[in-house]
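Asker: let's see this in three dimensions:
(chains A and B)
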Amino acid sequence: MTTEPGHDAAVAVHSLVKTFKGDVKALDGVSFEIPTGTILGLLGPNGAGKTTAVRVLTTLLKPDSGTARVAGVDVIAHPGKARTVIGLAGQYAAVDEALTGMENLMLVGRLNHLPRGEGRVRAVELLEQFGLADAGGRTLKTYSGGMRRRLDLAAALVARPPVLFLDEPTTGLDPRSRIDLWVVIEGLVAQGVTVLLTTQYLEEADRLADHICVIDHGRVLASGTSTELKAKLGGTAVEVELADEATTARAAEALRGVGDEAPVVDGLLVRVATSSGLATTAEVVRRLESSGLDVRSLQLRQPSLDEVFLSLTGRPADETDADVDTAEAS
Amino acid sequence: MTTALPAHNVGGLGGGVGQAIGDSLAMAGRNVRRLLRAPDQVVFTLVSPIMFTLLFRYVFGGAISGLGHINYVNYLIPGIAVQTAIFTSGNSGFALAEDRASGFVDRLRSLPMARVAVLAGRVTADMLSNATGLVIIVVVGLAVGFRPHSVPGLILGFVLLLGFTLATSFIFALLGLFASSSQAVNAMTFPVVFPLTFASSAFVPTSTMPSWLRAFADHQPVTIVIDAVRDLTLGNVTAAQRAELFGGTSTTSLVVQSLVWTLGIGIVFGYLAVRRYNSTAS
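Answerer: Residues are numbered from 1 along each chain as shown, chains lettered A, B, ... in the order given. Just a heads-up that it's a prediction; the model follows:
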């Protein structure tokens, strides 16, 4: 057992396949692992298979083939046991609009078979932790979108599950609420919780995820840390912005031979691709200084995750794949 | 948060009957709370039966024959009660479809609760709501002249009826688990309930119907339950009246037939609904 790969991982998924009606392959051999106490960002456009993967891991859906273990529990063979170690929140897991915040959390506590007193204490604790203490007695109809998402997350945490699944937890939230939720999620991971986060927001994956797994059409296209993914796309470049477009040719001439390739001119910018960022930057500064050109800014820049995403999937993160989306909804 | 929770429930099936009952009560409590917070919904479902009561009591009632000298209002109210109760049990399907659409069912499925509790809690809450509705129907009935023969007869009849609606709730629950939306459930409920309640002895004796319709009406479960409830609330039915109203069937036979239908529908549709809910594919 100990030699089996992924034994230490809180989540280990191997070759998951799920086909919906109409031969739509929502999952086409997805594999990934999440080390305990880290966040994996499952990144992909709408209909890429993110939600299907979460539904399999949270026992809502049986895959056609493949294996999935959460906290050491085989979710396909022992769904009942798996439900004691997971929490689910986000886009598709709801709280009850007609109940108060307190009632929602106490109901989840009761259905997790916490003793009633303990359930109440836990509910109060969570309301406090999520800044909902004052709103706990009001029905959710009166909550803002951000408050509702926080309560939704709180509901997933009632039984203190070691593994948390957050399916697009911030979709549709305003920037302020999104950042609030990010802080909460970071706090949970600091306490040792393992998180699988699906998102279409690259910024969110970049900020929260220790590892990112880009999927589309049910396949893993790339995985690694955000830095690794960016490096894969072509590494870093020193980017010089000049004050006057007429001087860009002279600047390019001055920087010839510094980077790995010849400098590229793009408007006011001169870009020098490099694999040794710091040394190249120092050399660029020295040469620009002696050339006496008027430089507006200079930076050592990585490609954005957006660029990585676009190059991998051929479409931006927020674009919908209509076919698969319909199948997922049915 | 660094330590995993103690295993509150590791049993694959939900940890036994005690836990299943506890979970069902928790769900029923949640459903009742919802109903109490939207009382207009419950009241609204009673508007049309009350209008029917007035319509048949005062407009059509005088023209209805074949009653064997029974006051029509005493004939009518049990019919209205059964019709109302069956329509109300349709809420089981509507509410389940709503919970599916909102994602609440997904949350429940991801919890280590007894799976049967979602359905059991639903039908229990709807039965309680039905009991409230029946009290209101009786009060309205009393106001327009309904006089049950005895209180025990009335209570017995309504307990029998509530049992039957518990069974019909499972029919609608099954619809609610298949339907694509709560509106679709509503659309499906009407064509199921309408023929069963109107092609029955609810408003007029089946002896006045054409023979082909009467053949259906006399043998379908809604007529049998209405007749059983009517027999119990009327009390003291003479042999001649029994022949005219119930085709001579005895009280015991009507009650037993009702119970058999109740159990049959409950078991078949309860089983199908639980199976549908447990199949994780939806």
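
Asker: only C-alpha atoms for contact and neighbour calcs from this point on.
Answerer: Fine.

Asker: looking at chain B, which helix or strand does the model trust least?
Answerer: helix B:39-54 (a mean of 86; mean pLDDT, DSSP states H and E).

Asker: what residues does the stretch 101-250 of chain A have near chain B?
Answerer: For the stretch 101-250 of chain A, the residues found near chain B under the criterion Cα under 8 Å from any Cα of the partner chain are A:107-108, A:110-114, A:159-162, A:188, A:191-193.

Asker: how about the helices in chain B?
Answerer: Secondary structure of chain B by DSSP state H: the helices cover B:16-37, B:39-54, B:72-89, B:91-102, B:104-109, B:116-143, B:151-178, B:182-198, B:211-219, B:221-234, B:239-246, B:251-278.

Asker: nearest to chain A, of those?
Answerer: Comparing these by their distance to chain A (Cα to the nearest Cα), the top pick is helix B:104-109, with 4.6 Å.

Asker: ok, and what's touching the least confident helix or strand of chain B?
Answerer: Residues outside helix B:39-54 that contact it (Cα atoms under 8 Å, 6 or more residues apart in numbering or on different chains): B:35, B:76, B:77, B:80, B:84, B:88, B:129, B:133, B:137, B:140, B:141, B:144.

Asker: return the closest of the residues you listed with respect to residue B:27.
Answerer: Closest approach between the contacts of helix B:39-54 and residue B:27, by Cα to Cα: residue B:35, at 12.4 Å.

Asker: any idea how many residues pack against that closest one?
Answerer: Neighbouring residues of residue B:35 were enumerated by other Cα atoms under 10 Å in any protein chain shown; the total is 17.

Asker: list the contacts for it?
Answerer: When contacts are counted by Cα under 8 Å, 6+ apart, residue B:35 touches B:41, B:42, B:129.

Asker: need the pLDDT of the most centrally placed residue in chain B.
Answerer: Chain B has residue B:165 as the residue nearest its centroid, 2.3 Å off, counting by Cα atoms, centre = their mean. Listed pLDDT for residue B:165 reads 96.

Asker: thought it was touching residue B:89?
Answerer: Yes - at 5.9 Å, residue B:165 counts as touching residue B:89 under the criterion of Cα atoms under 8 Å.

Asker: overlap of the contact sets of those two?
Answerer: Contacts common to residue B:165 and residue B:89, judged by Cα under 8 Å, 6+ apart, are residue B:127.

Asker: quick revisit: in terms of mean pLDDT, which of the helices of chain B ranks lowest?
Answerer: Among the helices of chain B, helix B:39-54 carries the lowest mean pLDDT (a mean of 86).

Asker: list the buried ones in that helix?
Answerer: The neighbour-count check on helix B:39-54 (16 or more other Cα atoms under 10 Å in any protein chain shown) flags B:42, B:45, B:46, B:49, B:50, B:52, B:53, B:54 as buried.

Asker: out of the helices of chain B, nearest to residue A:280?
Answerer: helix B:104-109 (53.1 Å).

Asker: the closest one vs chain A: in contact?
Answerer: Yes - on the criterion Cα under 8 Å from any Cα, helix B:104-109 is in touch with chain A at B:104, B:105, B:106, B:107, B:109.

Asker: residues contacting residue 231?
Answerer: Using chain A. Applying Cα under 8 Å, 6+ apart, one finds that residue A:231 lies in contact with A:302, A:303.

Asker: my bad, the chain I had in mind was chain B
Answerer: Per Cα under 8 Å, 6+ apart, neighbours of residue B:231: B:237, B:251.

Asker: dump the residue contacts of residue A:312.
Answerer: Neighbouring residues of residue A:312 by Cα under 8 Å, 6+ apart: A:221, A:222.

Asker: what helix or strand does it sit in?
Answerer: Per DSSP states H and E: residue A:312 is located in helix A:305-313.

Asker: can you show me the helices along the stretch 101-250 of chain A?
Answerer: A:101-111, A:116-129, A:145-157, A:175-190, A:202-208, A:226-232, A:248-254 (DSSP state H, counting those that start in this stretch).

Asker: adding mean pLDDT as columns, could you present the ones you listed in JSON lines?
Answerer: JSON lines is the format used below for the helices of the stretch 101-250 of chain A (pLDDT from 0 to 100):
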{"stretch": "helix A:101-111", "mean pLDDT": "96"}
{"stretch": "helix A:116-129", "mean pLDDT": "94"}
{"stretch": "helix A:145-157", "mean pLDDT": "91"}
{"stretch": "helix A:175-190", "mean pLDDT": "89"}
{"stretch": "helix A:202-208", "mean pLDDT": "87"}
{"stretch": "helix A:226-232", "mean pLDDT": "78"}
{"stretch": "helix A:248-254", "mean pLDDT": "82"}
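
Asker: nearest to residue B:61, out of these?
Answerer: Set against residue B:61 and scored by Cα to Cα, the helices of the stretch 101-250 of chain A come closest in helix A:101-111, at 48.4 Å.

Asker: output that closest one as PDB, nothing but the C-alphas.
Answerer: Output in PDB follows, covering the C-alpha atoms of helix A:101-111 (Å, rounded to 0.1, in the frame of the first residue of the first chain):
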ATOM      1  CA  GLY A 101     -28.400  31.100   8.900                       C
ATOM      2  CA  MET A 102     -28.500  29.500  12.300                       C
ATOM      3  CA  GLU A 103     -31.200  27.000  11.200                       C
ATOM      4  CA  ASN A 104     -29.300  26.100   8.100                       C
ATOM      5  CA  LEU A 105     -26.100  25.300  10.000                       C
ATOM      6  CA  MET A 106     -28.000  23.400  12.700                       C
ATOM      7  CA  LEU A 107     -29.800  21.300  10.100                       C
ATOM      8  CA  VAL A 108     -26.500  20.300   8.500                       C
ATOM      9  CA  GLY A 109     -25.200  19.600  12.000                       C
ATOM     10  CA  ARG A 110     -28.100  17.300  12.800                       C
ATOM     11  CA  LEU A 111     -27.800  15.500   9.500                       C
END
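
Asker: hey, what's the angle from that helix to helix B:16-37? Just curious.
Answerer: Interaxial angle of helix A:101-111 relative to helix B:16-37 (axes from the mean of the first three to the mean of the last three Cα atoms, to 10 degrees): 160 degrees.

Asker: can you name every helix or strand that helix A:101-111 contacts?
Answerer: Judged by 3 or more Cα pairs under 8 Å, 6 or more residues apart in numbering or on different chains; DSSP states H and E, the packing partners of helix A:101-111 are helix A:116-129, helix A:145-157, helix B:16-37.

Asker: the second one vs helix A:101-111, what angle?
Answerer: Angle, helix A:145-157 to helix A:101-111, by the same axes, to 10 degrees: 20 degrees.

Asker: tell me what angle helix A:145-157 forms with helix A:116-129.
Answerer: Counting by the same axes, to 10 degrees, helix A:145-157 points 140 degrees away from the direction of helix A:116-129.

Asker: residue contacts, the residue nearest to residue A:291 when sequence neighbours are not counted?
Answerer: Closest residue to residue A:291 apart from its sequence neighbours, by Cα to Cα, 6 or more residues apart in numbering or on different chains: residue A:254 at 7.1 Å. If you count contacts by Cα under 8 Å, 6+ apart, residue A:254 has them with A:287, A:288, A:291.
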